[in-house]
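**Q** Requesting a structural model of the entry that follows:
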Amino acid sequence: PFVPKGKPIVQVEDRGGKREQTLSKGGGKSYPVTVLMNKGSASASEVLAGALKEEGNAVLVGQTSFGKGTVQVSYDKVLDDGGLVKMTIAKWLTPLGNWVHEKGLKPDVEVLPPDYYTVARLSKTKTLARDTIDEDIKSLQIMLAGLGYETDRKDGYFSEVTEKSVKAFQQQTGVPVTGKVDKTTAEKLEEKLIERVREDNNDTQLLKAVEVLKSKLDITP
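**A** Below you'll find the model as predicted:
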């Protein structure tokens, strides 16, 4: 119902330039739609977003997508080591003939996720302590800020404020209060951050998509 019957959903173009369209078999009512995307949205999700945007009047919300515009087939049992061979045989295009490869689909409404959504995990190979510099400390500071603790920097220098926030986190979560980040504290930090990420009311992209959808439906919050 999202793409009108007979309208193209996707086009596939072979190496000779010949195009084949896949047409919608849908019908009935159409509905206002917002589509959430991020930089990891690729391939099939981009096909769907492109079709809904160009033929379903959907609004794309989030970040520019990954940009994988090729069609591949897989061959197994052809390598002695059990590996898999993937061969690119064509490229796919949006209903209007746009190729998103290495460009991605641009959102109509750009919304970046909070930095703690994409923060690198802590390596847990060493204990992080005051007055040291490390990439893990940068991740630590982003995590602490995401959980609502005070941070004066996010550059990887373990400052006095960072130590104070670590102690506050340790005290509130029941781990030994040392001001240092060992494996136990690191695992607890990641556990609490995952809980926060999973809460819909912290998802800025989702909230914006719902807001846009309500405006299309003329619903007053």
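**Q** For the lowest-mean-pLDDT helix or strand in the chain, buried residues please.
**A** Using mean pLDDT, DSSP states H and E, the weakest-scoring helix or strand in the chain turns out to be strand 70-75, at a mean of 88. Within strand 70-75, the residues scored as buried using 16 or more other CB atoms under 10 Å are residue 71. C-betas here are computed from N, CA, C, even on glycine.
**Q** Next: stretch 146-157.
**A** Going by neighbour count (16+ other CB under 10 Å), the buried part of stretch 146-157 is 146-147, 149, 151, 154, 156-157.
**Q** Tell me which two in the residues you listed are the farthest apart.
**A** The two members of these with the most space between them (CB to CB) are 147 and 157, at 19.3 Å.
**Q** For the spatially closest residue to residue 76 that is not a sequence neighbour, give me the pLDDT.
**A** Spatially, and ignoring its direct neighbours in sequence, residue 76 is nearest to residue 84 (5.2 Å; CB to CB, 6 or more residues apart in numbering). pLDDT, the model's per-residue confidence, is 81 for residue 84.
**Q** Likewise for residue 63?
**A** You'll see residue 63 listed with a pLDDT of 96.
**Q** what's near enough to touch it?
**A** If a contact means CB atoms under 8 Å, 6 or more residues apart in numbering, then residue 63 has 37-39, 107, 110-113, 205 as its contacts.
**Q** Let me have those in CSV, adding distance to residue 169 and neighbour count as columns.
**A** Putting the contacts of residue 63 into CSV (distance: CB to CB, whole Å; neighbours: other CB atoms under 10 Å) gives the following:
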residue, distance to residue 169, neighbour count
37, 33, 27
38, 28, 18
39, 29, 15
107, 34, 23
110, 32, 14
111, 28, 20
112, 25, 13
113, 22, 17
205, 26, 21
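**Q** What is the nearest of those residues to residue 21?
**A** Set against residue 21, the nearest of the contacts of residue 63 by CB to CB is residue 37 (23.2 Å).
**Q** my guess is that closest one contacts residue 65, does it?
**A** Yes - between residue 37 and residue 65 there is a contact at 4.9 Å, judged by CB atoms under 8 Å.
**Q** just to revisit the earlier point, can you flag which of the contacts of residue 63 belong to strands?
**A** 37, 110 (DSSP state E).
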